[in-house]
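S.K.: Could you work out the structure for the sequence below:
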Amino acid sequence: MLNNFTKSIKKLLSEYKQVKWPSLRTTINLTVFVIIVSAIITAMIIGLDAFFYMLRDIFVIK
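M.R.: Numbering: from 1, shown residues only. Here you go, the predicted structure:
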């Protein structure tokens, strides 16, 4: 059992060494992109919410 555990750890470490991590510049660029896209989607949802709220006031509450 201990032998299997040791083999698994060795495999894990060898795979970990093959990982190509992104550069700092790439990480920052992708983070900024995600924040911008999240802000745009949030603004769209808020806009749709306001639009439907306005429609509700026009057609339902009179």
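S.K.: Strands of the protein, residue ranges please.
M.R.: In the chain, no strands are found when defined by DSSP state E.
S.K.: Pass me the low-pLDDT residue ranges in the protein, would you?
M.R.: Within the chain, the set of residues satisfying pLDDT under 70 comprises 62.
S.K.: quick one, helices of this protein?
M.R.: For the chain, applying DSSP state H gives helices covering 2-18, 24-59.
S.K.: okay, those helices in JSON lines with mean neighbour count next?
M.R.: Just so you know, the C-beta spots here come from the backbone N, C-alpha and C atoms, and that holds for glycine as well. As requested, these are arranged in JSON lines below (neighbours: other Cβ atoms under 10 Å):
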{"stretch": "helix 2-18", "mean neighbour count": "9"}
{"stretch": "helix 24-59", "mean neighbour count": "10"}
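S.K.: Quick check: I28 vs L55, distance?
M.R.: 41 Å (Cβ to Cβ, to the nearest Å).
S.K.: Please apply the same query to I36.
M.R.: Counting by Cβ to Cβ - I36 and L55 are separated by 29 Å.
S.K.: Same question for D49.
M.R.: Using Cβ to Cβ, D49 is found at 11 Å from L55.
S.K.: and what of A39?
M.R.: In terms of Cβ to Cβ, A39 sits 25 Å off from L55.
S.K.: Spatially central residue for this structure, please.
M.R.: By Cα atoms, centre = their mean, the chain has its centre lying nearest to V34, at 6.8 Å.
S.K.: Let me see the contact set for it.
M.R.: Shown in contact with V34 (Cβ atoms under 8 Å, 6 or more residues apart in numbering): no residues.
S.K.: Which residues are in contact with A43?
M.R.: By Cβ under 8 Å, 6+ apart, A43 has no neighbours at all.
S.K.: how much space between it and D49?
M.R.: For A43 relative to D49 (Cβ to Cβ), the value is 11 Å.
S.K.: cool, S14 as well?
M.R.: On the measure of Cβ to Cβ, S14 and D49 end up 51 Å apart.
S.K.: do the same with I28
M.R.: 32 Å.
S.K.: now swap in R56 and tell me
M.R.: From R56 across to D49, the span is 11 Å (Cβ to Cβ).
S.K.: With V34 instead?
M.R.: V34 is 22 Å from D49, by Cβ to Cβ.
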